[in-house]
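S.K.: Turn this into a structure:
(2 chains)
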Amino acid sequence: MKSTTEIKNDVVILFAGDSGDGIQLTGSQFTTTTALYGNDVSTFPNYPAEIRAPQGTIAGVSGFQLHFGSEKIYTAGDASDVLVVMNAAALKANIKQLKPGGIIIANTDGFDAKNLKLAKYPDGVNPLQDGSLGKFIVHEIDVTKLVRVALNDSGLGTKEIDRSKNMFVLGFIYWMYNRKLDNTIEFIKDQFKKRPDLIDSNVKVLKVGYNYGETIEAPMNRFEVKPAPVEKGTYRSIMGNQATAFGLVAAAQKSGLTLFLGSYPITPATDILHELAKYKNFGVKTFQAEDEIAAITSSIGAAFGGALAVTTSSGPGIALKGEAIGLALMLELPLVIVNVQRGGPSTGLPTKTEQADLLQAIYGRNGESPVAVVAAYSPSSCFDMAFEACRLALEFMTPVFLLTDGYIANGSEPWKFPAATDLKDLKVSFAKNELKEGEKYLPYKRNEKLSRPWAIPGTKGLEHRIGGIEKENETGNISYDPDNHEFMVKTRQAKVDKIADHIPLQTIDQGNTKGKLLVLGWGSTYGSIKTAVKEAIAEGYDVSHAHVMYLNPFPKNLGELLKSFDKVLIPEINNGQLIKIIRDKYFIDAKGLNKIKGLPFTSAEIKEKIKELVATK
Amino acid sequence: MEATIDNKLTAKDFVTDQEVRWCPGCGDYSILKQVQTVMPELGLKQEEIVFVSGIGCSSRFPYYMETFGMHSIHGRATAIASGLKASRPDLSVWIVTGDGDSLSIGGNHFIHLLRRNFDVNVLLFNNQIYGLTKGQYSPASPMGTVTKSSPMGSVDHSFNPLALALGADSTFVARSMDRDPIHLRGMLKRAHAHKGTSLVEIYQNCNIFNDGAFEVFTEKATKKLNTLMVEQGKPLIFGENADKGIKLDGFKPVIVNIADVSPNDLWIHDETDRVKASILVRFFDSPKMENPLPRPFGIFYQEDRFCYETSMNAQIEEAIKTKGKGDLDALIRGKNTWTI
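M.R.: Numbering: from 1, shown residues only, chains lettered A, B, ... in the order given. I've put the predicted structure just below:
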């Protein structure tokens, strides 16, 4: 049957299936292909904590949502236009997020009696047959059967044959959206270099899926989503954790230091360790420590030796590092601590996103222990903020937190990447021996930034001792003197406060610089807020958006900016953390909007709150 | 690297301007003195030496050494030193720790340091007590030790630190004591010479909270009968008049009168024999029991095994050789780009 082509501005597709169905790979392949085509795109993988959760159950459903369009895309989308389900559980878990009139592509083999039972449908109920999906367009495809037929003379076993089901689905979706197969074929060739038989079978199934669309004997629309009018330049697709790793390598290259990463595997931060472990030819040293504490303390040792030292973790791991962060700020050594936040407390929701570690980053240590805190707001901004975290750590000889979260760490977007020459120079000069005869080296004598010198072992004449015990000003010798302690506490605070003189002023992302309502966000809520505010402005509401990337200290003009608005709304994926600090610091009656479901905001949720607060247009 | 003649260092060069604040009579003074005495003999430049410590009485050590130093947090000196050595293999790194610091709160890092075999030296000051917190039992205290936190005697079975070290595949295991400066200096030199993690357990008297814990091993009157000084290639002999020896009956060590056996029957010490070393570190009888095995001192085991930092750097060199030096632009660009 002849298909017709419909033009769409943007489309949200959600791929869902068992965590072993290759859903993440299918999603990321479509993402790359569609980005290469020129669409703007944003993705959100959502998968269970278990590596192979019980097959066929709702707990085992893995999802990959992607939003692409011929316009600027800021979020992975509130609801989906297309839902691809490999089994009954995937349908049950995601049907609520499908728009009315949306398309369901269902692998019928995943709706047999066993799968229906595992998905906890009542006996005898099959949603594909009972009319409950009446408001959607349903395409039933027996993917398993078609794949087995296609590969019956491949010589492969059934298990291996079934494993390529995802390629069929991908091929079919490529047909629906009129995309070329080249990129995925190249990927398959690279992936299975050592198994030519699997290259052949996967490429074949991909093409079979595509051709199925061509020959399907049912009314089936194809869609066209034109390239987005984005800024001219060269782009690539980037995931947050990858961008963080690149930012750290870039900072090492620009500072001329060796990058040392002490880390212990933890979801969702581990990919930064994986990524950096690959870059040994950049001189990067990765140390997989025996625990979170050794991960950070080995980094402190490396920093003492003159390395650009980093430790990466997530909430529970950061809790274990607390004492050592205190040591680093006492020693006044540069150290970058990356927290890829996840749902807490305790083990919480390891694979889900949350922004609930802001207070931990700013306050979570014993004693008066200020450290700098910055946050990324999108996958590609992880690069910029990782680079910034390194800059601040080196300039101010201080630990710096970089906060990202599961959503942006695993999410991806097109990135107009910078050239190495355009990045700031972070050149570091270690302390040199310029002492006069009889003069003692003073490890805590500060410069105009209140930063102390970095004298590394091997520098003749600068032998000195540092430690976690309170120290005398300048000499660094142990001191319990009351006045000295107060002075040192105030000085360490003043140093971190001084960072405000060396970071950009807060800007308004969208809207006027004064007015009725400012939506103030931080971290991964950026896309949802951006979309909500854009729509609200278009509808005539007086609302603006500012997104904070420097959380401690804040940009110097933040207070003044907040006071230029009648109301301030602070949406957060937590129970209200930035709002506490803003209220405390600026005495502003900010309103909160909080979601604690392990999921990002939809832009609709934010827009609704905006409308409520700005009742009149 | 050799220090040049005109720049010959002395023990005095390693003394800092800081007042030493250990209790008068503490065993730490002797250890500090021996370390300062040995340092100039190691052929190191002063600026390439780093002392790292955790928390506890012994951990004040770096402040008294005129070298680079870090007094860190409880139990973590081993992990800090690992990171330092990984990033700076050129440095001579010394860890000063106590039985609480390394066997209790820092137990995890301690065993992992040993198995990774970084080329560093660990001086484990064992006084079998928590001194800085004013006298609680430690993991090294014998069961039944009466302290403020164990008024009826501790019910903890104690660690045998060197058996633990061998269990973690330590490549250099030695024991010495604060009261035997000559022996201690010898052990320190050998520890430095060993390429890999050198563990020297040093029996150290805490005269305030655990006075005399090791006196049977350190005092003239009882030392000869209760200690066994092992030396490479020499038979295991001890006793008032060097009249007793150790012989192996199968895997069981037995005390014999030298007069009763042929010299060939005695256990000849071999530092490279892991099986014998594992028996030797198990000479851990309480001197209070009947016919105890003497407590051995010296180097029990020494093995040459690759060091972590060497392998780490070899991989980096290999990666540079095969892939070429990293190009930041190429890294950031990746394989798939598109231009608009």
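
S.K.: so what's the backbone phi/psi at A:A294?
M.R.: When read as degrees, to the nearest 10, the backbone of A:A294 gives phi -70, psi -30.

S.K.: List the buried residues for stretch B:19-27?
M.R.: Residues of stretch B:19-27 classed as buried by neighbour count (16 or more other CB atoms under 10 Å in any protein chain shown): B:W22, B:C26, B:G27. Any C-beta I mention is one placed from the backbone N, CA and C, and that applies to glycine too.

S.K.: got a markdown table for those, with secondary structure and distance to chain A too?
M.R.: Putting the buried residues of stretch B:19-27 into a markdown table (DSSP: H, G, I helix; E, B strand; the rest coil; distance: CB to the nearest CB, whole Å) gives the following:
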| residue | secondary structure | distance to chain A |
| --- | --- | --- |
| B:W22 | coil | 13 |
| B:C26 | coil | 17 |
| B:G27 | coil | 21 |
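
S.K.: Point out where the stretch 451-600 of chain A drops to low pLDDT.
M.R.: Confidence mapping of the stretch 451-600 of chain A against pLDDT under 70 gives zero matching residues.

S.K.: Can you name the residues bridging to the residue of it found nearest chain B?
M.R.: Proximity of the stretch 451-600 of chain A to chain B (CB to the nearest CB) peaks at A:G467, 3.2 Å away. Beta bridges link A:G467 to B:H71, judged by DSSP bridges.

S.K.: Starting from A:W454, give me the distance back to it.
M.R.: Spatial separation of A:G467 from A:W454 under the definition CB to CB, to the nearest Å is 16 Å.

S.K.: quick one: which of those two has more around it?
M.R.: Each of A:G467 and A:W454 has its neighbours counted (other CB atoms under 10 Å in any protein chain shown); A:G467 has more, 23 against 19.

S.K.: Who are the contact partners of that one?
M.R.: Contact analysis of A:G467 by CB atoms under 8 Å, 6 or more residues apart in numbering or on different chains lists A:M330, A:L331, A:I478, B:P62, B:Y63, B:M70, B:H71, B:S72.

S.K.: what's around residue 296, how many residues?
M.R.: This is for chain A. Counted with other CB under 10 Å, A:I296 comes out at 36.

S.K.: not quite, I wanted chain B
M.R.: As a burial measure, the neighbour count of B:P296 was computed by other CB under 10 Å and equals 21.

S.K.: Give me the sheet partners of the helix or strand bottoming out on mean pLDDT in chain B and which way each runs.
M.R.: Least confident element among the helices and strands of chain B, by mean pLDDT, DSSP states H and E: strand B:338-339 (a mean of 85). Taking DSSP bridges as the criterion, strand B:338-339 sits next to strand A:234-239 (antiparallel) in its sheet.

S.K.: For the strand it pairs with, which outside residues touch it?
M.R.: Outside strand A:234-239, the residues within contact range by CB under 8 Å, 6+ apart are A:31-32, A:35, A:41, A:246, A:271, A:379-380, A:383, A:409-417, B:333-334, B:336-340.

S.K.: hmm, back to that, could you dump the buried residues of stretch B:19-27 to TSV with pLDDT and distance to B:K85?
M.R.: Written out in TSV, the entries for the buried residues of stretch B:19-27 read as follows (pLDDT from 0 to 100; distance: CB to CB, whole Å):
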residue	pLDDT	distance to B:K85
B:W22	96	27
B:C26	96	29
B:G27	96	28
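
S.K.: Contact partners for residue 301?
M.R.: I'll assume chain A. Each residue near A:G301 by CB under 8 Å, 6+ apart is listed here: B:V52, B:M70, B:A79, B:I80, B:A81, B:S82, B:G83, B:L84, B:K85, B:A86, B:S87.

S.K.: actually chain B
M.R.: Shown here is B:Y301, whose contacts under the criterion CB under 8 Å, 6+ apart are B:L166, B:S170, B:T171, B:F172, B:V173, B:E271, B:T272, B:D273, B:R274, B:A277, B:L280, B:V281.

S.K.: Out of the residues you listed, name the ones that lie in strands.
M.R.: If you go by DSSP state E, the contacts of B:Y301 have B:F172, B:V173 in strands.
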